[in-house]
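[1] pasted the sequence and its predicted model underneath.
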Amino acid sequence: MAALPAILVNDIPATEDVTLAAREPDVVHVMQLGGPEPGYTWTINGETYDPTRGLPVREGQRVRLRFENTTTMFHPMHLHGHTFQMNTVAGVGPRKDSAVVLPGQAVEVDFDADNRGSG
């Protein structure tokens, strides 16, 4: 019996009712994931996480995040308060709130800045 091909979650498109409307991003932020540094510290763009140092995003913008994993380890990425649309080789991918960025690879996600949060 032949083995069935693996289906990866990023290959499964979102249903139409949750797919983001087609639109180019207003802003793109590249986030290079690094580490682990001494003490098992991870970095984004060479800096450790500091919640007071966010990204410049305005309400209503379509934001693209490009996570580039420069490490040899799997790196999960998560947004608080938003879900995002995966951008895949095939086009529009699933809506998620977390994505795993494989070692030495990049993942692009889009979200609409429509949740002001509490800060």
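    That came through, no problem. Being a predicted model, the structure only gives us computed values, none of them experimental.

[2] other residues contacting stretch 37-55?
    29-36, 63, 75 (Cβ atoms under 8 Å, 6 or more residues apart in numbering). In short, each C-beta sits where N, CA and C put it, glycine included.

[3] give me that answer again for 6 Å
    29, 31-32, 34-36 (Cβ atoms under 6 Å, 6 or more residues apart in numbering).

[4] can you give me how far that stretch is from the chain middle?
    16 Å (Cα atoms, centre = their mean, to the nearest Å).

[5] quick check on the closest residue to S98 other than its chain neighbours: phi, psi?
    Once flanking residues are discounted, S98 sits nearest to H78: 4.4 Å by Cβ to Cβ, 6 or more residues apart in numbering. Per-residue torsions, H78: phi -140, psi 140 (degrees, to the nearest 10).

[6] wouldn't H78 be in contact with A99 here?
    No - using Cβ atoms under 6 Å, H78 is not in contact with A99; the gap is 8.0 Å.

[7] quick one: N115 from V57, how far?
    Distance from N115 to V57, counting by Cβ to Cβ, to the nearest Å: 11 Å.
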